[in-house]
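[1] this one's sequence-less:
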C-alpha cells in the first residue's frame, strides 16, 4: 500500500476509534454524545450501584453533565477520577451537598469526600468545542 493511502486509511479510522466502537464499552462506562439542537443545558446520568470503575467519555463536549454514583445500600464511598484522554478540558466538581472546588484531573487520582449517599459529580465542558475527552473513575468503599 502506498504511504499516502496508509495515512488516509489511518485518518479514516481515527473517528471510529475515538468514539468507542473498538473500546468495547461496558455497562459501567458512560458515553455521552450530542443530542441535537434541543439538547438540555444539563444532562443526568446514573452509574449503576455495582460499578466500581469505568470510563466517562464525551464526544463533542458542550454544556454540563451530572454523573450520579448510586449508593442504595448507604455504604461509605468516595469517587476518584483521573485523566484518560484530554480529560483536563473538563471542570469537575463534587456537588453532592454543594458546589465544591474543581477536582484536579491528571495522572494521579483526585477524590471526593466519603459519603453514605449517592455522589454526584458536575462535569462542565469548556467554551471551546473539542472533539472528544474522557476520564477514568474508581469508586472506593470502606
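    Cool, the structure landed. If you're wondering where the values come from, they're calculated on a predicted model, not measured in any experiment. Numbers count the residues shown, from 1 in each chain.
[2] what are the phi and psi values for the residue sitting nearest the centre point of the chain?
    Nearest to the geometric centre of the chain sits residue 56, at 2.4 Å (C-alpha atoms, centre = their mean). When quoted as degrees, to the nearest 10, the phi and psi of residue 56 stand at phi -110, psi 120.
[3] what is it paired to in the beta sheet?
    Per DSSP bridges, the residues bridged to residue 56 are residue 30, residue 135.
[4] Contact partners for it?
    Residue 56 sits next to 29, 30, 32, 65, 67, 123, 134, 135, 136, 137 when contact means C-beta atoms under 8 Å, 6 or more residues apart in numbering. Bear in mind the C-beta positions are built from the backbone N, C-alpha and C, glycine included.
[5] Of those, which is the most crowded?
    Among the contacts of residue 56, residue 135 has the most neighbours (other C-beta atoms under 10 Å), with 27 neighbours.
[6] Can you show me the helices along the protein?
    3-18 (DSSP state H).
[7] quick one on the thing from earlier: in terms of model confidence, name the weakest of the contacts of residue 56.
    For the contacts of residue 56, the minimum pLDDT belongs to residue 32; the value there is 93.
[8] What's the separation between it and residue 63?
    According to C-beta to C-beta, to the nearest Å, residue 32 and residue 63 sit 10 Å apart.
[9] Give the residues shared as contacts by these two.
    Residues touching both residue 32 and residue 63 (C-beta under 8 Å, 6+ apart) are residue 43.
[10] still on that earlier bit, now the contacts of residue 56 as JSON lines including distance to residue 105?
    Formatted as JSON lines, the contacts of residue 56 follow (distance: C-beta to C-beta, whole Å):
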{"residue": "29", "distance to residue 105": "17"}
{"residue": "30", "distance to residue 105": "16"}
{"residue": "32", "distance to residue 105": "16"}
{"residue": "65", "distance to residue 105": "14"}
{"residue": "67", "distance to residue 105": "14"}
{"residue": "123", "distance to residue 105": "10"}
{"residue": "134", "distance to residue 105": "11"}
{"residue": "135", "distance to residue 105": "6"}
{"residue": "136", "distance to residue 105": "10"}
{"residue": "137", "distance to residue 105": "11"}
